[in-house]
Structures are given as C-alpha cells and as structure tokens.
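Peer 1: Pasted the sequence and its predicted model underneath.
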Amino acid sequence: MSALPPLKLESVPGVLGRIVTERAADYRDADSDVGPARPAARRFEAALRAPGLALIAEVKRASPSQGAIAPLDPAQAARAYEAGGAAAISCLTEPRHFDGTAQALHDVVAAVSVPVLRKDFVVHPAMLREAAGWGASAALLMVSVLGGATGAYLEITHHLGLDALVEVHDEAELDIALAAGARIIGVNNRDLTTLHIDLAVSPRLIARARAAGFTGVLVAESGYRTPADLEAVRSMADAVLVGTSLAGSGDLTRAARDLMAAPSLTEG
Ligand SMILES: O=C(O)c1ccccc1NCC(=O)[C@H](O)[C@H](O)COP(=O)(O)O
C-alpha cells in the first residue's frame, strides 16, 4: 500500500472541523497497521446496484443540526428499516454529536441481513480496521476531510475488503473522488461546515459525474423528507441516504415505505 499522506485537519472549517479534530485526538495513539488483505465482498455496492432507487436508511439518534432526534434502539431500528425495504443500513458510530457507538454497529450487523455502512469521520486507518472487524460492509470516506489522501484511504478500505462511500459536496471534491478511483460516490446536499441543506446539489453533481463518464454507483444524501423531494434524483441516482426524517418518524418501517413509494401515475 502507498504511504499515507498527512491530513490537513486544521484547514477543515466549521462544525466539521471541530468533529474531525476530536476524532483525530480519539485515535492519536492507535496502531496504523491494518493487517492482511481481505477478499472484497462488494455487498454494499451490489445492494445499491439493484434496479430502482435503493434506500440506505440511517440509524441516527442525534446530530449537530437537530440535537436529539430519537432514542432509537439500533438493532430494532435497523430491523424496522429492513422491513420497510431498505437495501442497506447506515449506522453512526461517532459518540459526541451523533450518540453513536461501536456497540450500535455490532448490534445492527447482527440484526439485519442487508449490508451495513460504518458512518463516522474517518481520520485514521484504525477506524477502517475497526469497521471491518465489527462486520461492516462499507465505510464512509469524506473528501472534505481526507483531501489529497482520499486515494490512499480508498486503497486501505478496499485492502480490508470493504466498500467505500466516498462523499463529496462540490465540483472540486467530486473531481478528487473521480481521480482517486472511487466506485461509489455520495453527494451530500448538506454543507457540513454551515449545516445548510440544498437539494439541488445532488442532481447537479450526479449529472457532472455521469458526464465525466463515471459508471459507478451514485448516492444522493441528506435532507430528504417526502417522495416529492426525491423526484429530482429518482432517475439519476442509484440510491438515497436518509437519516433524520426516518429516525424521527416514530414508525420507521412505514416512514421508509412511504418515502420510497413511487408517485402514483394519474391519468388525464
Ligand atoms: O446531520 C448533521 O447535522 C451533520 C452535521 C455535521 C456533519 C455531518 C452531519 N450529518 C451526516 C450526514 O450527512 C447525514 O447523517 C446523512 O446524509 C443523512 O442526512 P439526513 O437525512 O438529513 O439526516
């Protein structure tokens, strides 16, 4: 594997900058050795490549933008999402701002048969070794955090047999993800430095990725609450990642089904 370039976390602004600085401190003394290569299962990628718009439903108990969302039991929540048709589960493991834990990921992996994404702010190879060890099928890599080191982290993720959801929010980040060789790109509608959501970001960057000849998987992320919100990405994206609106709904199975229901075709 290539040498790991240092991350420039001091240049990550706003809320995101605070979170990644804390995460880097959490893993300051962790071992960077990720161990031997593991075979690629590609379960997460395969689930998102199924026909139609796939749902990645997120177990999200809290967030910087919402504060407390719902005191979900992770295993119960994941089972409810699976019953509602989710193709994959995203499980937050960041403890301070999202009320995530390693145990939550363990419980979710044990509870469902669909693949599970470790959703965290990866700033150290040990976080990827953990994700593989805990049974995740994929991990999130954020170009806004990893910058020029995105390709090296992608290589480690694949070395461990995991899929990577490589997340971008603007054109420059998309170009980095494409150059790094990402197979799955997530476009986040939420600006993680200001927390502002703009649902026009995903269609814009998904169109740009396809125009650049990208044949991998494209995921639209954040801010989706109703079937109408999904219209702009329904025929462009392979999947949507949804957290807050489902997690806070009170009936996760029904909310997942209702959100993903295709709009009824009316005649005349
Ligand atoms: O959700 C936040 O407030 C947030 C703040 C800072 C960094 C990351 C944050 N969220 C991560 C995500 O992108 C979402 O959890 C995910 O895409 C689902 O979004 P939503 O459906 O809007 O909860």
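Peer 2: On my side now, so go ahead. Numbering: from 1, shown residues only.

Peer 1: Mind jotting down where the helices sit in the protein?
Peer 2: 14-26, 43-48, 74-83, 95-98, 102-111, 125-133, 143-146, 150-159, 171-180, 201-211, 227-234, 244-247, 252-260 (DSSP state H).

Peer 1: Return the most buried member of these.
Peer 2: Greatest average neighbour count among these goes to helix 143-146 (a mean of 25), per mean count of other CB atoms under 10 Å. All C-beta spots, glycine's among them, are computed from the backbone N, C-alpha and C.

Peer 1: Mind listing the residues bridging to the residue nearest the centre of the chain?
Peer 2: For the chain, the residue nearest the mean C-alpha position is residue 140 (5.1 Å; CA atoms, centre = their mean). Following DSSP bridges, residue 140 is listed with bridge partners residue 165.

Peer 1: Model confidence for it, exactly?
Peer 2: If you check residue 140, the pLDDT there is 98.

Peer 1: so what's it up against?
Peer 2: 90, 117-122, 164-165, 167, 186 (CB atoms under 8 Å, 6 or more residues apart in numbering).

Peer 1: Roughly how far does it sit from the ligand?
Peer 2: 9 Å (CB to the nearest ligand atom, to the nearest Å).

Peer 1: cool, residue 207 as well?
Peer 2: In terms of CB to the nearest ligand atom, residue 207 sits 20 Å off from the ligand.

Peer 1: Leaving out the residues flanking it, which one is nearest to that residue?
Peer 2: residue 236 (6.8 Å; CB to CB, 6 or more residues apart in numbering).

Peer 1: I figured the one you found hits residue 214, correct?
Peer 2: No - Residue 236 is beyond contact range of residue 214, at 11.9 Å (criterion: CB atoms under 8 Å).

Peer 1: How about the contacts made by the residue nearest to residue 129 when sequence neighbours are not counted?
Peer 2: Nearest non-adjacent residue to residue 129, counting by CB to CB, 6+ apart: residue 34, 4.7 Å away. Residues in contact with residue 34 (CB under 8 Å, 6+ apart) are 125-126, 128-129, 156, 159-160.

Peer 1: TSV for these, including distance to the ligand and pLDDT?
Peer 2: Formatted as TSV, these follow (distance: CB to the nearest ligand atom, whole Å; pLDDT from 0 to 100):
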residue	distance to the ligand	pLDDT
125	21	98
126	21	98
128	18	98
129	22	98
156	22	98
159	25	98
160	22	98
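
Peer 1: In the residues you listed, find the pair that's most separated.
Peer 2: 126 and 159 (13.6 Å; CB to CB).

Peer 1: follow-up on the earlier one: and the residue nearest to residue 207, how far is that from residue 219?
Peer 2: 11 Å (CB to CB, to the nearest Å).

Peer 1: The two: who's more crowded?
Peer 2: Per other CB atoms under 10 Å, whichever of residue 236 and residue 219 has more neighbours is residue 219, with 25 against 15.

Peer 1: I figured the more buried one hits residue 187, correct?
Peer 2: Yes - the pair residue 219 / residue 187 is scored as a contact, 7.0 Å apart, by CB under 8 Å.

Peer 1: Is any residue of stretch 250-261 near the ligand?
Peer 2: No - using CB under 6 Å from any ligand atom, stretch 250-261 stays clear of the ligand, with a minimum separation of 10.1 Å.

Peer 1: Backbone dihedrals for the residue lying closest to residue 198 once chain neighbours are set aside, both of them.
Peer 2: Nearest residue to residue 198, sequence neighbours excluded (CB to CB, 6+ apart): residue 189, at 5.8 Å. Main-chain torsions, residue 189, degrees, to the nearest 10: phi -70, psi -20.

Peer 1: Based on its surroundings, how many neighbours for residue 189?
Peer 2: 22.
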